[in-house]
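>>> Here is my input; please provide its structure:
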Amino acid sequence: MKDIYELIKQSEKDYSSKIFTVVDGEQAGEKALFRNQEVVFDTTDNRLLTKHREKLIREEETKLLEIEGNPIFCDILSPPKKLVICGAGHVSMPIIKFGIMADFSVTVIDDRVSFADNARKAGAHKVLCQDFKSALDEIESDENTFFVIVTRGHRYDRICLEEIIEKPNAYVGMIGSKKRVKKVKEELLEIGADPKKIGKVYTPIGLDIKAETPVEIAIAIMGEIILVKNQKKTGTGYSKEIMKELLQIPPEERNLILATIISRTGSAPREVGTKMLIYPDGRIIGTIGGGCAESDVMMKALDLFSNKRTKTMLIPVDMTGQDAEDDGMVCGGIIEVFLEKV
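Numbering: from 1, shown residues only. Below is the predicted model of the structure:
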């Protein structure tokens, strides 16, 4: 049987991919991966998940559900978030860094060698040092691609916007004064650009926080991007860091526990689907919220490591009590966390 995490990696570009996991009872830990309405992985001996394929493939939300009395967690695989920045000036540098911190794959385009080098030094995953039109022709975008236009001048803005509005995207934002932005839009409309597509461009770019410095402007831009991203809820999926760790260790050598938030009530800090990878020595990759909640989960995970017979554990975590308050968990709320050995 192929490794499920290899199959998850192969499914990143497919928005229809989803994983179902039995999280309690005799079959706890059994999984099925659906892609394009087909079952590509199933560990369930009695085919519980496959048997209910027709119902399960219709699920479009990361959530907890029930099949034949069994609690099943539906995990919609979120495709990678891509951030494409046109221009590598002063504002771009903090955007690159914030984008990386927010788990975006960051691509920067600039035709000036020294500016492109600055983008590489800032940590951009990919830098295209060429003219904007030819570089954008190379970009394979989708409904999870966020474009930021922060070039050095009006004519470059126009080139970028003309190319980008014809591409699939989740967001297009363009920096500039009202006069500069208006001129770019008018020029594109004059040559036949779709008014609806032009109308969807976020200008002036960024949330209105009265930003002035490059860092403040970058915060405003990333804040707006995150707002747009989170308006469409699917799931948090598997972060790049977690997937990298899972894939670099052969399946037979893995000795890790994956913690996943499967339900959430109140104002708990992290969403359903959030994951954290735990090592036997207490090291972690990712976070499910920090504080006493995470500490409690860590203690239970260490217990699970020492139990050779048990492979999974379901943990309710109450963050509304005095202990949580004393630990600074001001969000409150209750979460259920599923622990599984991987």
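>>> from what I can see M243 touches I4, true?
No. Contact criterion Cβ atoms under 8 Å: M243 and I4 do not qualify, at 11.6 Å. No exception for glycine: its C-beta is placed from N, CA and C like everyone else's.
>>> Give me the below-cutoff pLDDT ranges for the stretch 51-200 of the chain.
Within the stretch 51-200 of the chain, no stretch has pLDDT under 70.
>>> That one: helices as residue ranges?
53-56, 92-101, 113-121, 132-138, 154-164, 178-190, 195-199 (DSSP state H, counting those that start in this stretch).
>>> Of those, which is nearest I217?
helix 92-101 (8.0 Å; Cβ to Cβ).
>>> chain center to that closest one: distance?
Distance, stretch centre to chain centre, for helix 92-101: 15 Å (Cα atoms, centre = their mean, to the nearest Å).
>>> So which bits of it are buried?
Within helix 92-101, the residues that count as buried by 16 or more other Cβ atoms under 10 Å are 92-100.
>>> Can you add distance to K9 and give the helices of the stretch 51-200 of the chain back as CSV?
Shown next, in CSV, are the helices of the stretch 51-200 of the chain (distance: least, Cβ to Cβ, whole Å):
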stretch, distance to K9
helix 53-56, 21
helix 92-101, 20
helix 113-121, 25
helix 132-138, 23
helix 154-164, 28
helix 178-190, 38
helix 195-199, 33
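>>> do you know which of the ones you listed lies nearest G286?
Once those are compared by Cβ to Cβ, helix 92-101 is nearest, at 13.3 Å.
>>> how much space between the residue of the chain most remote from its centre and Q37?
Using Cα atoms, centre = their mean, the residue of the chain lying farthest from its centre is E190. It sits 37.3 Å away. E190 is 45 Å from Q37, where distance means Cβ to Cβ, to the nearest Å.
>>> go on, K167?
27 Å.
>>> What of I191?
Taken as Cβ to Cβ, the span from I191 to Q37 is 41 Å.
>>> Quick one: the helices in the stretch 201-342 of the chain, in order.
Under DSSP H, counting those that start in this stretch, the stretch 201-342 of the chain gives helices at 214-230, 240-248, 291-306, 322-326.
>>> Next, the angle from the first one to helix 92-101.
Here helix 214-230 runs at an angle of 40 degrees relative to helix 92-101 (axes from the mean of the first three to the mean of the last three Cα atoms, to 10 degrees).
>>> and helix 214-230, average pLDDT?
Averaging pLDDT along helix 214-230 yields 95.
>>> now swap in the last one and tell me
Summarised as a single mean, pLDDT over helix 322-326 is 50.
>>> Give me the neighbour count for I76.
Other residues near I76 come to 21 when the count uses other Cβ atoms under 10 Å.
>>> and the gap between it and M276?
18 Å.
>>> what's the answer for V39, then?
In terms of Cβ to Cβ, V39 sits 27 Å off from M276.
>>> More neighbours: which of the two?
Legend: neighbour count by other Cβ under 10 Å for V39 and M276, higher for M276 (24 against 17).
>>> Run through the residues that contact A170.
143-146, 228-229, 232 (Cβ atoms under 8 Å, 6 or more residues apart in numbering).
>>> and if we set it to 10 Å?
81-83, 141-147, 225, 228-229, 231-232 (Cβ atoms under 10 Å, 6 or more residues apart in numbering).
>>> buried residues in stretch 302-319?
304-305, 312-315, 317-319.
>>> and what of stretch 51-71?
For stretch 51-71, by 16+ other Cβ under 10 Å, it's 52-53, 56-57, 59, 62-64, 70-71.
>>> same check, this time on stretch 252-265
Quick answer for stretch 252-265 (16+ other Cβ under 10 Å): 256-264.
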